[in-house]
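>>> fold the following, please.
(chains A, B, C and D, ligands or ions: 6)
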Amino acid sequence: MSKTAVIIVSHSEKIAEGINDLVSQTKQPDVHVFAAGGTEDGEIGTSADKIQHALQQADNEAGTLVFYDIGSALMNAELALDMLPDLEGNVEIVNAPVVEGTYVAVVEAGMGKSLEDIAASVRRQQFVE
Amino acid sequence: MSKTAVIIVSHSEKIAEGINDLVSQTKQPDVHVFAAGGTEDGEIGTSADKIQHALQQADNEAGTLVFYDIGSALMNAELALDMLPDLEGNVEIVNAPVVEGTYVAVVEAGMGKSLEDIAASVRRQQFVE
Amino acid sequence: MELTTNVMKYWLVTADEKMQTHKEYLSELDQAIGDGDHGHNMARGFQVAAENAKESTEEDIGALMKAAAMTLISKVGGASGPLYGTAFLKASDKWKGKTSLSKDEFAEGLEAAVEGIKTRGKAEAGSKTMLDVWTPVLDYVQHHDIAAPDVSAKAKESMEQTESMKAEKGRASYYGEESISHIDPGAYSSYLLFEALAEALDKEEA
Amino acid sequence: MELTTNVMKYWLVTADEKMQTHKEYLSELDQAIGDGDHGHNMARGFQVAAENAKESTEEDIGALMKAAAMTLISKVGGASGPLYGTAFLKASDKWKGKTSLSKDEFAEGLEAAVEGIKTRGKAEAGSKTMLDVWTPVLDYVQHHDIAAPDVSAKAKESMEQTESMKAEKGRASYYGEESISHIDPGAYSSYLLFEALAEALDKEEA
Ligand SMILES: Nc1ncnc2c1ncn2[C@@H]1O[C@H](COP(=O)(O)OP(=O)(O)O)[C@@H](O)[C@H]1O
Ligand SMILES: Nc1ncnc2c1ncn2[C@@H]1O[C@H](COP(=O)(O)OP(=O)(O)O)[C@@H](O)[C@H]1O
Ligand SMILES: [Mg+2]
Ligand SMILES: [Mg+2]
Ligand SMILES: [Mg+2]
Ligand SMILES: [Mg+2]
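Ligands and ions are numbered 1, 2, ... in the order given. From the prediction side, this is the model:
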């Protein structure tokens, strides 16, 4: 059985790659993480095309969790998912802090937790002290 | 009167720099932001020395808000501040999502808001839907 | 009123010209309550969309507008990319297979576009966004025989009304009360888009 | 019992040797419930701290330990950096100006160290951290005449007990129930540190 995959959507290529570096230290080898940061030209912004590409690469039985930072990141993630109707039901775009949420998700994916369980742990309310 | 300064403490140099890129688009020119990411050698981790350096650079009348990501980032930020007793009372290390919190703080610093007001807006509970 | 494929192409080309001309101003508006890239975003997206439209031999208005939607989605970068992209995409679906649109057909596409923006942005009119131009223009188109000067006037007046609104969606919402007394950049670019439509309608009537 | 400057230097040097020898194992422990860098972190920090101690002509135990603390803070990188760094820093303050420590003076420094770790990490014993070794060792030192084999045994036994604990602090806490049945890496490196202390005490007695 595959493990829940994770996609990081950020306005900055560096943020997305940096989060990938951060979690790669803690990551089980069979947890797959994909960075979709910046616009097509590497400027600050998000790209529905990059996100679509990541969604296709991440696609697996256990599903994919998508984290995003601000503004258009969520809209482009939702748009990218609309463009890939086959993936519907197997992807969750989750409202969580992008760095902290991705970290927790990668740890829990490594433990073999389901998409739903991970989403429940990382949703914003869980970060309140 | 100066404006509240912001420091980003992250385990990853790329995350800290990427956040700086992200907010620099939205930033008033007189809001100063400093990135303290990664260890001394640029590896994943945090560096009390880098944070101390950022605290000294950021030091200003209106005070400094410090954002951090996970684990040792907070401990090293607190340690760095302990090492600079002159800054005490003028710096707040704030529990907020590092990307999202820094973004809001930079916008509000630009509006001339006080350290306390900004800290109140970005504390984790504010991000709950 | 009949909107032909050529009129629709002219709309895209004229919209592009306006985005290029007002690029700096759009970014200036966005600098005040956002990140200062709205002009850059719109100019980049519409330039390619207009070029493609000019070169296209497509007769199907749906296909033409869908291509424009995909270009905007790919090229715009900011929130306006998925928003304008979704608007054109939803409209294109209604216009599929048509080489000419009656007023009601046009209105049907516009309605789908507005629904698309609302869904994509989880917003309604009144939050100081592009919807504050799209919604009244749709309302006008649905309930009147379209007159080009009226489309333009409706869009302009609605755009101007965003100045006194408080932003509740998008980056501008982080500015809270301070967002008041600035025109919303996306409302301004939408005004330009509908001004371009008015010019296209004029051309059709001429 | 008198702990001279030389014994303290020997402590640091022996601790370094142990960190180097067990570097892989410490990282393996950290791989299971953390990010796999604890051995790397400790080896890097103690190597420089031990080199400096060897070269140092410092007689003042406080100054010697403060230098070690600053090195750990600069070089370790992970959470163990500020934690061990704070521990040594707080102890060094108690040992300032001394060239030899009685058992009580040593215990006073150790107590300050444990307080430092608790404050820095906002933790208490029982959360499956290094504190689960430091706290019982402090308790032993405070209430007994120090015997080297007992220090070592107390540290070892406490380290082993972390295996059945559930992590409530640090990265390991993200693993929840799954953190159970793994030894805490920081507890293991602390056990190595106190084993090195036992060897230093042995040397003193010899
Ligand atoms: N949730 C939303 N619903 C509708 N329109 C929105 C929303 N968020 C942003 N907008 C529109 O997008 C415009 C900003 O576009 P742009 O500057 O290109 O994107 P970004 O904010 O990502 O830089 C705003 O002026 C507003 O009109
Ligand atoms: N809040 C804390 N209080 C006490 N000890 C802690 C705390 N957080 C972590 N530790 C200790 O630090 C060790 C991990 O150190 P290390 O791997 O070097 O740091 P990091 O987790 O930053 O990679 C843990 O095994 C634990 O003993
Ligand atoms: Mg913008
Ligand atoms: Mg933008
Ligand atoms: Mg570690
Ligand atoms: Mg680490």
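
>>> how about the contacts made by the residue of chain C found nearest ligand 4?
Relative to ligand 4, the nearest point of chain C is residue C:78 (3.7 Å; CB to the ion). Yep, even glycine has a C-beta here, placed from its N, CA and C like the rest. Contact partners of residue C:78, counting by CB atoms under 8 Å, 6 or more residues apart in numbering or on different chains, are A:45, A:71-72, C:35, C:37-38, C:41.

>>> swap in residue C:146?
Residue C:146 touches C:1, C:103, C:106, C:201, counting by CB under 8 Å, 6+ apart.

>>> now do residue C:118
C:124, C:131.

>>> quick check: PyMOL command selecting the buried ones in the contacts of residue C:146.
Here is the PyMOL command that selects the buried residues among those (16 or more other CB atoms under 10 Å in any protein chain shown):
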select buried, chain C and resi 106+201
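
>>> helices - which of the contacts of residue C:146 land there?
C:103, C:106, C:201 (DSSP state H).

>>> for residue C:101, see how far away the nearest residue to the second one once chain neighbours are set aside is.
So the one you mean is residue C:106. Leaving out its chain neighbours, the residue that sits closest to residue C:106 by CB to CB, 6 or more residues apart in numbering or on different chains is residue C:3, at 5.5 Å. As judged by CB to CB, to the nearest Å, residue C:3 and residue C:101 stand 4 Å apart.

>>> residue A:15 now?
43 Å.

>>> can you count the residues close to the residue in chain A positioned nearest to ligand 3?
As assessed by CB to the ion, ligand 3 sits closest to residue A:71 within chain A, at 7.9 Å. Residue A:71 has 21 neighbours, counted by other CB atoms under 10 Å in any protein chain shown.

>>> now do it against ligand 2, distance only.
31 Å (CB to the nearest ligand atom, to the nearest Å).

>>> what's the answer for residue C:107, then?
Residue C:107 is 60 Å from ligand 2, by CB to the nearest ligand atom.

>>> doesn't residue A:9 make contact with residue A:19?
No: using CB atoms under 8 Å as the test, residue A:19 is too far from residue A:9 to be in contact (10.4 Å).

>>> which one's more surrounded, those two?
residue A:19 (33 against 28).

>>> report whether the strand or helix carrying that one contacts chain B.
Using DSSP states H and E, residue A:19 falls within helix A:13-24. Yes: contact between helix A:13-24 and chain B, assessed by CB under 8 Å from any CB of the partner chain, occurs at A:13-19, A:21-22.

>>> also stretch C:22-35?
Yes: part of stretch C:22-35 sits near chain B under the criterion CB under 8 Å from any CB, namely C:34-35.

>>> what's next to that stretch, contact-wise?
With CB under 8 Å, 6+ apart as the criterion, stretch C:22-35 contacts A:44, B:25-26, C:19, C:36-40, C:42-43, C:78, C:167, C:170-172, C:175, C:178-179, C:182-185, C:188-189, C:192.

>>> for the residue nearest to the spatial centre of chain C, give me the pLDDT.
Central residue of chain C (CA atoms, centre = their mean): residue C:190, 4.1 Å from the mean position. At residue C:190, the model reports a pLDDT of 98.

>>> repeat that for residue A:19.
We have a pLDDT of 98 for residue A:19.

>>> ok, it - contacts?
A:8, A:10, A:35, A:98-99, A:102-103, B:12, B:15.

>>> over to residue C:133?
Neighbours of residue C:133 in contact, by CB under 8 Å, 6+ apart: C:155, C:158-159, C:162, C:187, C:190-191, C:194.

>>> so it is in which element?
Per DSSP H and E: helix C:131-143 holds residue C:133.

>>> and that helix, is it in reach of ligand 1?
Yes: shown here: helix C:131-143 in contact with ligand 1 (CB under 6 Å from any ligand atom) through residue C:131.
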